[in-house]
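Asker: got a sequence here, can you build the structure:
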Amino acid sequence: MSEENKGKNEIQKEKVLQAKSGFGMLILGCILAAAGIGGFVWGALLCDRNGADVLGIAAIIAGTLAFLAGILILCGLKVINPKEALVLALFGNYYGTLMKEGFFWVNPFVTAINPTVKAAANGKSVNRKVSLKTMTLNNEKQKVNDETGNPVEIGAVAIWKVVNPTKAVINVENYKSYLSIQCDSIIRNTARKYPYDAAEGKDEKSLRGSSQEIADIMCRELQEKVENAGIKILEVRITHLAYAPEIASAMLQRQQAAAIIDARQKIVEGAVGMVEMALEKLSENEIVELDEERKAAMVSNLLVVLCGNKDAQPIVNSGSIY
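Answerer: Numbers count the residues shown, from 1 in each chain. The predicted structure is shown next:
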């Protein structure tokens with residue numbers, strides 16, 4: 001393995017800092033700063049009384065150094081809130097990561113790195129901590145073509161969190177944008193592999209009929225893509241799924257036609273069963289004897305009544321049908 005690749009692999013390893021408590025260093029820094037101010041003032045008074053007094057100059061220099069040392073110590077104080085982490089670098093090299101909540105003191109020359117946070121235009125300090133809380137990425141609906149080529153609109157939401165802040169800020173430029181782009185890509189690629197609706201008589205996965213299974217597939221594929229960014233995908237859910245507006249009306253008519261056909265099929269099957277049962281009952285109970293012509297007429301009338309869209313109007317026949 002080359003030295004360059006070896007260095008890249010080493011920088012990806014997370015080093016959790018066991019930093020000192022910040023309370024003792026806070027007291028020490030305040031004492032040094034106060035002593036430095038006192039020494040500077042005392043030295044200035046000596047020089048004012050005795051001119052360029054050696055003791056006064058020494059007190060001014062010592063006071064200045066003590067004050068600067070106190071300020072430098074105070075600059076190393078860091079506050080870490082629950083579910084937060086701070087990735088630190090020292091002169092361009094990865095120094096370590098603070099992940100435990102509390103008040104700590106670290107090397108005052110380290111700087112926090114977080115590419116997702118931009119420096120404020122007014123020069124004020126910004127919070128460069130990496131949040132470890134569970135967050136939600138709402139992927140807006142986008143138009144894609146399903147397996148059969150029909151344009152559909154699909155949207156999803158991803159529930160995620162950062163589990164390795166070192167990878168999140170070092171391996172990728174902006175882990176939030178990286179996650180969003182990868183989520184868009186996974187949704188598009190997955191939607192192209194499955195039809196919106198399963199074909200009649202086929203047991204296959206579809207975007208509408210197997211939405212939870214499709215979402216689980218998206219979750220696994222997205223996890224593989226963002227593994228190097230230190231992100232864990234907890235869940236992916238499809239929040240919006242519909243045909244594109246340009247074909248929505250045609251697909252609605254198709255679904256309505258299929259529903260009507262299915263309903264008619266059930267009606268005919270039921271009507272034939274009822275007619276068969278009526279003829280059997282009439283024959284068993286010997287209520288009336290029907291020849292083949294009368295049976296045909298009765299079957300015709302019953303089917304019209306049972307399969308018609310409107311209520312039948314009864315006609316009383318007081319004579320013979322011949």
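
Asker: how about the strands in this protein?
Answerer: Under the criterion DSSP state E, the chain contains strands at 20-21, 77-80, 84-90, 93-98, 102-105, 111-112, 130-131, 135-145, 151-162, 231-243.

Asker: got JSON lines for the ones you listed, with distance to Glu221 and mean neighbour count too?
Answerer: For every residue, glycine as well, the C-beta is placed using N, CA and C. Below are those laid out as JSON lines (distance: least, Cβ to Cβ, whole Å; neighbours: other Cβ atoms under 10 Å):
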{"stretch": "strand 20-21", "distance to Glu221": "43", "mean neighbour count": "12"}
{"stretch": "strand 77-80", "distance to Glu221": "33", "mean neighbour count": "16"}
{"stretch": "strand 84-90", "distance to Glu221": "27", "mean neighbour count": "20"}
{"stretch": "strand 93-98", "distance to Glu221": "28", "mean neighbour count": "18"}
{"stretch": "strand 102-105", "distance to Glu221": "38", "mean neighbour count": "18"}
{"stretch": "strand 111-112", "distance to Glu221": "32", "mean neighbour count": "16"}
{"stretch": "strand 130-131", "distance to Glu221": "24", "mean neighbour count": "21"}
{"stretch": "strand 135-145", "distance to Glu221": "14", "mean neighbour count": "14"}
{"stretch": "strand 151-162", "distance to Glu221": "11", "mean neighbour count": "20"}
{"stretch": "strand 231-243", "distance to Glu221": "9", "mean neighbour count": "18"}
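
Asker: next, format these as a markdown table and append distance to Ile27 and mean pLDDT.
Answerer: Below are those laid out as a markdown table (distance: least, Cβ to Cβ, whole Å; pLDDT from 0 to 100):
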| stretch | distance to Ile27 | mean pLDDT |
| --- | --- | --- |
| strand 20-21 | 11 | 83 |
| strand 77-80 | 11 | 88 |
| strand 84-90 | 22 | 90 |
| strand 93-98 | 21 | 88 |
| strand 102-105 | 11 | 88 |
| strand 111-112 | 24 | 87 |
| strand 130-131 | 29 | 88 |
| strand 135-145 | 37 | 85 |
| strand 151-162 | 34 | 89 |
| strand 231-243 | 39 | 88 |
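
Asker: compare those and give me the one nearest Leu28.
Answerer: Taking Cβ to Cβ, strand 102-105 is the member of the strands of the chain nearest to Leu28, at 9.2 Å.

Asker: in its sheet, what does that closest one sit against?
Answerer: Strand 102-105 pairs in its sheet with strand 20-21 (antiparallel), strand 77-80 (antiparallel), by DSSP bridges.

Asker: pull that strand out as CSV, backbone CA atoms only.
Answerer: Taking C-alpha atoms only, strand 102-105 is exported to CSV below (Å, rounded to 0.1, in the frame of the first residue of the first chain):
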residue,chain,number,x,y,z
GLY,A,102,-20.0,18.1,28.9
PHE,A,103,-17.5,21.0,29.5
PHE,A,104,-14.0,20.2,28.3
TRP,A,105,-10.6,21.8,27.6
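
Asker: what lies in contact with it?
Answerer: With Cβ atoms under 8 Å, 6 or more residues apart in numbering as the test, strand 102-105 has contacts from 17, 19-26, 73, 76-80, 98.

Asker: among those, which one lies nearest to Pro108?
Answerer: Distance ranking of the contacts of strand 102-105 against Pro108, using Cβ to Cβ, places Gly76 first at 3.6 Å.

Asker: grab the nearest non-local neighbour of that closest one.
Answerer: Once flanking residues are discounted, Gly76 sits nearest to Pro108: 3.6 Å by Cβ to Cβ, 6 or more residues apart in numbering.

Asker: is it true that that neighbour touches Gly70?
Answerer: No - assessed by Cβ atoms under 8 Å, Pro108 is found out of contact with Gly70, at 11.1 Å.

Asker: what about Thr64, distance to Ile27?
Answerer: To Ile27, Thr64 is 21 Å away according to Cβ to Cβ, to the nearest Å.

Asker: okay, the strands paired with strand 102-105 in TSV with distance to Leu234 next?
Answerer: Converted to TSV, the strands paired with strand 102-105 look like this (distance: least, Cβ to Cβ, whole Å):
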stretch	distance to Leu234
strand 20-21	33
strand 77-80	23
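
Asker: before we move on, the earlier item: so for Pro108 and Gly70, which residue has more residues nearby?
Answerer: It is Gly70, of Pro108 and Gly70, that has more neighbours when counted by other Cβ atoms under 10 Å, with 20 against 14.

Asker: who's in contact with the more buried one?
Answerer: Each residue near Gly70 by Cβ under 8 Å, 6+ apart is listed here: 28-36.
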